[in-house]
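S.K.: Build the 3D model from these lines:
(one chain, ligands or ions: 1)
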Amino acid sequence: QLGVNRSTVILAFSELRALGIIESRSGSGTRVSQHKWGATPRHTPNWKRYAEGGSFLPNVPFLRRIREALQQNPSLIDFASGELSGDLSPLNEIAALMREHHYASYLGYVDPQGYMPLRQALVAYLDKYRGIQTTESSILITSGSQQSLFLITQCLLSPGDAVAIEDPSYAYSLPMFQSAGLRLFRLPVDHDGMCPDDLHALYKKHRIKMIFTNPNFQNPTGMVLHEERRAKLLEAARELGLPIVEDDPYSLTDYNGLTRPSLKSVDSTGSIIYIGSLSKIAASGLRIGWMVAPNAIVERLADARQQMDFGLSVIPQQVAAQFLSSEHFEPHLDRLRMQLLYKRDLLIEALQKELPDAVQYEIPQGGIHMWCKLIPEIHDAKLLEEAIKHGVVFVPGSVYGSDSGFVRFTFARAKTEDIGPGIARFAKALRTLTP
Ligand code: PMP
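M.R.: Just a heads-up that it's a prediction; the model follows:
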């Protein structure tokens with residue numbers, strides 16, 4: 001009597017068959033395969049297993065669903081994609097610069113730390129707009145700020161490390177943190193931004209290694225970190241000797257043209273890794289991001305970059321360097337802020353008209369996102385599917401790690417004339433789910 005279950009044996013045989021170690025032919029039974037390692041395999045590779053391999057977790061299913069819906073139906077009104085519409089990007093200005101300058105004069109590899117004229121342009125930019133005095137050697141150019149976050153999580157932290165993040169927090173950072181094996185501890189965000197009160201307790205209990213914050217017009221809430229909290233956060237970081245990653249892609253989109261000091265500009269102990277990007281102020285497709293960090297960190301990450309991809313393509317770096325130093329940049333920013341404010345007001349008008357009692361929100365003073373609480377709360381997945389059926393997409397709140405019952409509307413991507421009709425579609429979808 002064998003102590004093995006029959007189905008275990010059947011399973012084992014089918015695995016061996018899948019691996020090509022045994023062969024079965026009807027009529028002649030099963031035998032060990034003549035197949036030798038290195039010879040042409042007789043079976044298709046198990047692609048599913050490969051696709052599930054590696055260290056990256058898949059993105060949140062809702063985000064994949066939204067991308068798929070937009071691909072299948074480009075006429076959906078898009079309140080989901082966190083980017084500017086084409087008319088908000090400086091397309092004419094960049095086309096003019098590209099005509100004026102001979103970009104193809106050098107097309108070799110450039111320094112993986114970044115194209116020097118772009119780093120020089122950023123030294124001036126950071127001083128003028130973010131109050132940061134730095135030098136070219138402290139700047140690393142990355143493929144968007146996303147890659148800065150990626151390099152930090154993969155190269156400076158180790159699996160099992162604990163980090164403090166915002167709740168809710170930037171959606172595409174979450175699977176990336178989890179793929180790096182980090183343990184995530186959340187600090188709540190309200191209308192004054194992230195509340196740092198629990199930092200000491202978290203540090204004591206979990207040995208926090210790093211703090212991530214998006215202090216200006218936070219994604220997804222649109223809120224700004226209050227001055228007192230900034231001071232508290234810096235003080236806590238100083239006391240605990242903790243680095244803060246200041247993820248700052250939205251600060252220049254303040255509708256009143258205010259430039260709030262960056263955390264980095266008021267930090268006296270060198271606790272900040274500062275990250276910026278052209279994605280929300282010019283064009284996300286340029287994939288230009290930057291990091292300002294201590295030289296040892298920049299050198300380490302530039303070296304990793306050499307292994308990964310030899311640095312960013314020189315062409316967008318040349319374009320960005322020209323654009324940032326050109327007379328076009330400032331008027332473009334002014335126009336962008338005005339148009340974003342106009343779009344925000346269209347969204348508020350539409351919400352007041354279509355959903356006067358069904359949503360609550362704080363009005364953002366900059367940025368591209370509006371965070372709305374639904375009353376009553378609606379199941380995220382049902383609402384998203386219903387909205388897609390009605391021709392509109394948004395991002396459900398649970399994607400940001402927060403409770404369900406919230407939605408994020410991004411108002412920068414949709415055309416101005418689509419904002420009202422888009423909210424009307426959303427309201428219709430909502431009504432079909434509420435009694
Ligand atoms: N950080 C935050 C807070 C963001 O909202 C985004 C984009 N949505 C990014 C980083 C990444 O942007 P990019 O790589 O295009 O600069």
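
S.K.: ok, the closest residue to the ligand within the stretch 51-200 of the chain - how many residues close by?
M.R.: With C-beta to the nearest ligand atom as the measure, the residue in the stretch 51-200 of the chain that lies nearest the ligand is G144; the distance is 2.3 Å. No exception for glycine: its C-beta is placed from N, CA and C like everyone else's. A count of neighbours around G144, defined by other C-beta atoms under 10 Å, yields 21.

S.K.: again with I141
M.R.: A count of nearby residues for I141, using other C-beta under 10 Å, gives 29.

S.K.: That one: what secondary structure?
M.R.: Secondary structure of I141, reduced to three states by DSSP: H, G, I helix; E, B strand; the rest coil: strand.

S.K.: so it touches D309, yeah?
M.R.: No: taking contacts as C-beta atoms under 8 Å, I141 lies outside contact range of D309: 11.9 Å.

S.K.: Spit out the contact partners of the residue of the stretch 51-200 of the chain closest to the ligand.
M.R.: S277, S279, S284, R287, I288, G289 (C-beta atoms under 8 Å, 6 or more residues apart in numbering).

S.K.: Dig out what E23 forms beta bridges with.
M.R.: For E23, the residues forming beta bridges with it (DSSP bridges) are R31.

S.K.: partner residues bridging the closest residue to G82 other than its chain neighbours?
M.R.: Excluding the flanking residues, the one nearest G82 by C-beta to C-beta, 6 or more residues apart in numbering is T410, at 5.2 Å. Listed by DSSP bridges, the beta-bridge partners for T410 are H369.

S.K.: just checking, T410 touches P364?
M.R.: No: taking contacts as C-beta under 8 Å, T410 lies outside contact range of P364: 11.0 Å.

S.K.: shared neighbours, those two?
M.R.: Both T410 and P364 are contacted by M370, under the criterion C-beta under 8 Å, 6+ apart.

S.K.: Let me know the helix or strand that V163 is in.
M.R.: With secondary structure defined by DSSP states H and E, V163 is part of strand 162-167.

S.K.: So what touches that strand?
M.R.: 157, 173-174, 177, 182-189, 194, 199, 202, 206-214, 218, 401-402.

S.K.: Paired strands for that strand, with orientation please.
M.R.: Paired strands of strand 162-167, with direction, are strand 183-190 (parallel), strand 208-213 (parallel) (DSSP bridges).

S.K.: which one of these lies closest to Q133?
M.R.: Closest approach to Q133 among these is made by strand 208-213 (21.3 Å; C-beta to C-beta).

S.K.: L383 reaches K428, doesn't it?
M.R.: No: under the contact definition of C-beta under 8 Å, L383 does not touch K428, with a separation of 11.9 Å.

S.K.: list the helices and strands the lowest-mean-pLDDT helix or strand in the chain packs on?
M.R.: Least confident helix or strand, the chain: strand 22-25 with a mean of 78, by mean pLDDT, DSSP states H and E. Counting contacts by 3 or more C-beta pairs under 8 Å, 6 or more residues apart in numbering; DSSP states H and E, the secondary-structure elements packed against strand 22-25 are helix 6-18, strand 29-32.

S.K.: what distance separates the first one from the centre of its chain?
M.R.: Centroid displacement of helix 6-18 relative to its chain, using C-alpha atoms, centre = their mean, to the nearest Å, is 43 Å.

S.K.: One more: the shortest one?
M.R.: Remark: strand 29-32 is offset 52 Å from the chain centroid, using C-alpha atoms, centre = their mean.

S.K.: Going toward the C-terminus from it, what's the next helix or strand?
M.R.: Proceeding N to C from strand 29-32, the next assigned helix or strand is helix 47-51, under DSSP H and E.

S.K.: Please spell out which residues along the next helix or strand after that next one are buried.
M.R.: The C-terminal neighbour of helix 47-51 among helices and strands, as given by DSSP H and E, is helix 61-72. Buried positions in helix 61-72, judged by neighbour count with 16 or more other C-beta atoms under 10 Å: F62, L63, R65, I66, A69, L70.

S.K.: And for stretch 244-254?
M.R.: Applying a neighbour-count criterion of 16+ other C-beta under 10 Å, one finds I244, V245, E246, D247, D248, P249, Y250, S251, L252, T253, D254 buried in stretch 244-254.

S.K.: Make a ChimeraX selection of the buried ones in the contacts of G144.
M.R.: Of the contacts of G144, the buried ones go into a single ChimeraX selection, burial set by 16+ other C-beta under 10 Å:
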select :277,279,284,287,288,289
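
S.K.: Restricted to strands, list the contacts of G144.
M.R.: Under the assignment DSSP state E, the contacts of G144 contribute S277, I288, G289 to strands.

S.K.: which residues touch the closest residue to A427 other than its chain neighbours?
M.R.: Leaving aside its chain neighbours, A427 sits nearest to E354 (3.8 Å; criterion: C-beta to C-beta, 6+ apart). When contacts are counted by C-beta under 8 Å, 6+ apart, E354 is found next to I423, A424, F426, A427.

S.K.: how about the residues of the stretch 251-400 of the chain near the ligand?
M.R.: Near the ligand, the residues belonging to the stretch 251-400 of the chain are S277, S279, S284, G289 when assessed by C-beta under 6 Å from any ligand atom.

S.K.: Can you show me the strands along the stretch 201-350 of the chain?
M.R.: Along the stretch 201-350 of the chain, counting by DSSP state E, counting those that start in this stretch, strands occupy 208-213, 244-247, 272-277, 288-292.

S.K.: Which of L383 and K428 has more residues huddled nearby?
M.R.: For L383 and K428, the more surrounded residue by other C-beta under 10 Å is L383, and the numbers stand at 23 against 16.

S.K.: And the pLDDT at the more buried one?
M.R.: The predicted local distance difference test score for L383 is 95.

S.K.: now the buried residues of stretch 244-254 in TSV, with distance to F13 and pLDDT?
M.R.: Below are these laid out as TSV (distance: C-beta to C-beta, whole Å; pLDDT from 0 to 100):
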residue	distance to F13	pLDDT
I244	56	98
V245	51	98
E246	57	98
D247	52	98
D248	58	98
P249	55	98
Y250	58	98
S251	62	97
L252	63	97
T253	61	98
D254	66	97
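
S.K.: of those, closest to A293?
M.R.: Among the buried residues of stretch 244-254, and counting by C-beta to C-beta, the member closest to A293 is V245, at 9.4 Å.

S.K.: Is the closest one in contact with N214, as I believe?
M.R.: No: under the contact definition of C-beta under 8 Å, V245 does not touch N214, with a separation of 9.2 Å.

S.K.: How about the secondary structure of the spatially closest residue to E349 that is not a sequence neighbour?
M.R.: For E349, ignoring the flanking residues on the chain, the nearest one in space by C-beta to C-beta, 6+ apart is G420 at 7.3 Å. When states are read from three-state DSSP, the local structure at G420 comes out as helix.
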